[in-house]
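# A predicted structure for the sequence below; I have some questions about it.
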Amino acid sequence: MLKNINDLNPLESLHSSVEKVIHTSQEISRSHSEAVRTVSELSTMHFQKLTRTVQSDTKKIEGLLSDFTREATNVSQAATPNDWLKMYGDFMKDAVQRQALMFNALRQRGNVYTAHLDAGMPPVLDYQYEVVVDGKDLVRPVNYLLLKLTPPQGVVINPERAPVLIIDPRAGHGAGIGGFKQDSQVGDAFADGHPVYFVAFRQMPEPTQTIADVRDAEIHFLQLIAQAHSQAPKPILMGNCQGGWAAMLVAAKAPELVGPIVLNGSPMSYWAGNVGENPMRYTGGLVGGATPALLMSDLGNGLFDGVALVENFESLNPANTYFKKYYNLYSNIDAEAQRFIDFERWWGGYCFMTEAEIRWIVENLFVGNKLAAGEAVLNGERVDLRQIQSPIIVFASHGDNITPPPQALNWIADLYSTADEIKARGQRIVYMLHDTIGHLGIFVSAKIAGREHEAITDTIRAIEAMAPGLYEMKLEDAADRLHIRFEPRTIDDILHFDVSRDEEVLFSEVRRMSEANTEVYERAVRPVLKHVVTKQSAELLRNLHPLRTQRLVFSDKNPIMSQLDPLAIKLAQERVTVADNNPFLMAQKICAEIIEMQLNLFRDLRDAAAENSFFAIYTSPLTKAMFPPVANEHSSNVMSDVTKMPEIAKALADIEQGGLAEATVRMLHLLTKARGYVRRTRLERELLALKKTDLFPELNEDSITKLLHIQSLIVDFAPKQAISTLTVLLDTPELKKAALELVMDIAGPRETMHPAALKQFEEFEGLLS
């Protein structure tokens, strides 16, 4: 009894409690010190970066002023006062004409906006089309449509080419950017003989529409396309921007329907990015998670206005939004007006989503980042991207501030532990990176359409012959043509674009914060708004949005603007441009440069402040206590030994099984391994050879894919035995000779072969002769 009393000694209990308090205090103090250090280091980095920017801008301005002084001095030496007056008069006349023509272009933009709305906001495609399926007629109605595009005159469709289905992004804008002009993804597909289909959508969603309904509708579209082209390969699925993850949802649910997948500027890993470079990813943490999207949906009477997403995009580059694009229009009014109006027709076509749609997108993608982690759920089922069997081509750019390379590629590192796991699972993933092109340029740039998208279209024909694995597509411009080659890559190569993933743990705090805020909002705020908001109030709120009013104010709905039309016609007839060496024009250009620099500096200061605020909030001990972070558990920590996977064991068990087809494919893979890369033309020749019915009558599309998978695993995981067992596969002189000749026909001629590949081929000759 006394022992028990001693065990309950109040002094010992007090001592234990004090120790716990001290330990907790120390942990809090340590966590606080780490948070302060992180924010301090970040502030120092931003200060140094901004200092470099100011120094660079100062030097650039000094150079501009120096050039101006020199040119003005040259002009003044030969100019009289009357000459100066004439130059000023010419400049002012030109400026007044430009201003009037610019206002008329803005008037035309406003008129195009209102006409586009009155017409129901049809797709801005530069192609004729027919509606194959209207989603509103489906069992679960959606506002999506399947369009079949009409090829331009003179284009012949090859019935053996796979049909192409393009999914445009529904990220605030209307449909059609993928076929916005002739030089586009659509144009490249038609030029290569593919039939082209397009997934478009109306401005307003169906009342009960969900993301699952949209996915199922797109699967139905694919089924109809496959039926219409039963003799062609599986449809090619192209997803632009947000259309990329939509394509992946389709492919994960119905992998048997989908051919190669192309993701153009598509964000898949929303937490990824580099500190100091990608500020957009912090938005969710700074505005309260998913709550603003729910609030806007409730204020919209159940509809989320896509204009908010467009406004977010525009805020990324205030210099372009508020000055540069209008200055470009003003300074190049004679050539730029029509391009400006055509683009603004798409840019100003704002679409809507249901509350269920935007909520799923925000909670699973923007804030939750659940898709690549396998945590996203649709209709009660988890979305597993590993179910996708089709080759995947990813196109991203270092100049894209909306979908930087880490956001376009990190999902690969989240899904697969190593490149060997990608090989073992039989998947083929190819990525291509551009150095400078911006986000919209990926879809609308004629230069990109004529090079990168054409290369992607050409690659699709050859990708069937590619061994499973992870590759980077490299383009080489030659005098005769564009050379395309594929270099093997590892998961570390993917992660190289993301300097560190340590900060991603903070985004798990954001996710928890968002969940808590959403619960509070649904209990305390939503019931009130449901009784206050009406259809009329929601419509009034939409019409008062600045991005809409700026178009309406400059349209003919404003009686003042309608007077510009006859004036613009007269000015266009009397148009006289000022000389390029006019000193007043030169001064104008310098002022424009300085204004743009200042706006860019404002952007950098704003982004630095936002990033500092994010880290200050989510590294603080209080926030961590309220919303405990989840440690990073990327798949790279999950699988340590891929050689134990059953796919590899089975392939190695069959190393002595097969004949001419297996031996030929194996030798070609060994040559590729020796060379270190493979060219598209070589893949095409290999595929043509395997499809020869006289040589390999037993092979079809599925069996070719299986053959390539098995032989690539044998080459990668047992290279010595892969060579030594060739004599087992080729057990007659005739087969040995046929194999060597076929390999040389595909990989040769001998004089053009890579030295390492030639050496490997000579080893084959020594073994098989």
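Received it, and whenever you're ready, just let me know what you need.
# got the contact list for residue 230?
Under the criterion of Cβ atoms under 8 Å, 6 or more residues apart in numbering, residue 230 has no neighbours. For the C-beta atoms, the positions are set from N, CA and C on the backbone; glycine is no exception.
# just say helix, strand or coil for it.
Under DSSP: H, G, I helix; E, B strand; the rest coil, residue 230 falls in the coil class.
# look up how far residue 371 lies from it.
The gap separating residue 230 from residue 371 is 32 Å, by Cβ to Cβ, to the nearest Å.
# what's the answer for residue 51, then?
Distance from residue 51 to residue 371, by Cβ to Cβ: 39 Å.
# who has more neighbours, the two?
Each of residue 51 and residue 371 has its neighbours counted (other Cβ atoms under 10 Å); residue 371 has more, 22 against 10.
# could you check how far that one is from residue 293?
Distance of residue 371 to residue 293, given as Cβ to Cβ: 17 Å.
# part of a helix, is residue 647?
Yes - Residue 647: assigned to a helix according to three-state DSSP.
# how many neighbouring residues does it have?
Residues within reach of residue 647, counting by other Cβ under 10 Å, total 17.
# looking at it, it is touching residue 421, isn't it?
No - here residue 647 does not reach residue 421: they are 9.8 Å apart, not a contact under Cβ atoms under 8 Å.
# show the subsequent helix or strand relative to whichever strand or helix holds residue 215.
Per DSSP states H and E, residue 215 falls inside helix 211-228. Counting by DSSP H and E, the next helix or strand C-terminal to helix 211-228 is strand 236-240.
# that next one pairs with which strands?
Sheet pairing of strand 236-240 (DSSP bridges) gives strand 164-167 (parallel), strand 261-264 (parallel).
# single out the most deeply packed of those.
Mean neighbour count (mean count of other Cβ atoms under 10 Å) peaks for strand 164-167 among these, with a mean of 28.
# quick one: buried residues of the next helix or strand after it?
Toward the C-terminus, strand 164-167 is succeeded by helix 185-191 as the next helix or strand (DSSP H and E). Neighbour counts over helix 185-191 (16 or more other Cβ atoms under 10 Å) mark 185-190 as buried.
# repeat that for stretch 297-315.
By 16+ other Cβ under 10 Å, the buried positions in stretch 297-315 come out as 297-311, 313.
# likewise stretch 730-749?
Neighbour-count burial for stretch 730-749, counted by 16+ other Cβ under 10 Å, picks out 730, 736, 738-740, 742-744, 746-748.
# how about the helices of the stretch 351-500 of the chain, start to end?
For the stretch 351-500 of the chain, applying DSSP state H, counting those that start in this stretch gives helices covering 355-361, 405-415, 419-424, 441-444, 446-448, 454-462, 491-495.
# same check on the stretch 551-700 of the chain?
When secondary structure is read from DSSP H, counting those that start in this stretch, the stretch 551-700 of the chain shows helices at 564-573, 583-618, 621-626, 646-653, 660-675, 680-690.
# specify which member of the buried residues of helix 185-191 is nearest to residue 477.
residue 188 (17.1 Å; Cβ to Cβ).
# how much space is there between the closest one and residue 480?
With Cβ to Cβ as the criterion, residue 188 and residue 480 are 19 Å apart.
# hang on, residue 130 in a strand?
Yes - under three-state DSSP, residue 130 sits within a strand.
# ok, now which ones touch it?
Neighbouring residues of residue 130 by Cβ under 8 Å, 6+ apart: 147-148, 150.
# residue ranges with poor pLDDT in the chain?
Counting by pLDDT under 70, the ranges of the chain that qualify are 1-33, 35-36, 449, 631-640, 693.
# mind checking the longest strand of it?
Using DSSP state E to define each element, the chain has its longest strand at strand 469-477.
# just checking, residue 581 touches residue 70?
No - if you go by Cβ under 8 Å, residue 581 and residue 70 don't touch, sitting 11.7 Å apart.
# about what we covered before: now the angle from the helix holding residue 215 to strand 236-240?
Put simply, helix 211-228 runs at 140 degrees to strand 236-240, going by axes from the mean of the first three to the mean of the last three Cα atoms, to 10 degrees.
# off-centre distance for helix 211-228?
22 Å (Cα atoms, centre = their mean, to the nearest Å).
# please apply the same query to stretch 37-48.
Between the centre of stretch 37-48 and the centre of its chain there are 30 Å (Cα atoms, centre = their mean).
# then stretch 241-259?
Put simply, stretch 241-259 sits 14 Å off its chain's centre (Cα atoms, centre = their mean).
# buried residues in that stretch?
For stretch 241-259, burial by neighbour count (16+ other Cβ under 10 Å) applies to 241-254, 257-259.
# what of stretch 444-459?
Within stretch 444-459, the residues that count as buried by 16+ other Cβ under 10 Å are 444-445, 448-449, 451-459.
# got the contact list for the helix holding residue 215?
By Cβ under 8 Å, 6+ apart, the residues outside helix 211-228 that reach it are 132-133, 135, 138, 140-142, 144, 146, 163, 165, 167, 197, 199, 206, 234-235, 237, 246, 249-250, 253-254, 257-258, 356-357, 360-361, 378-379.
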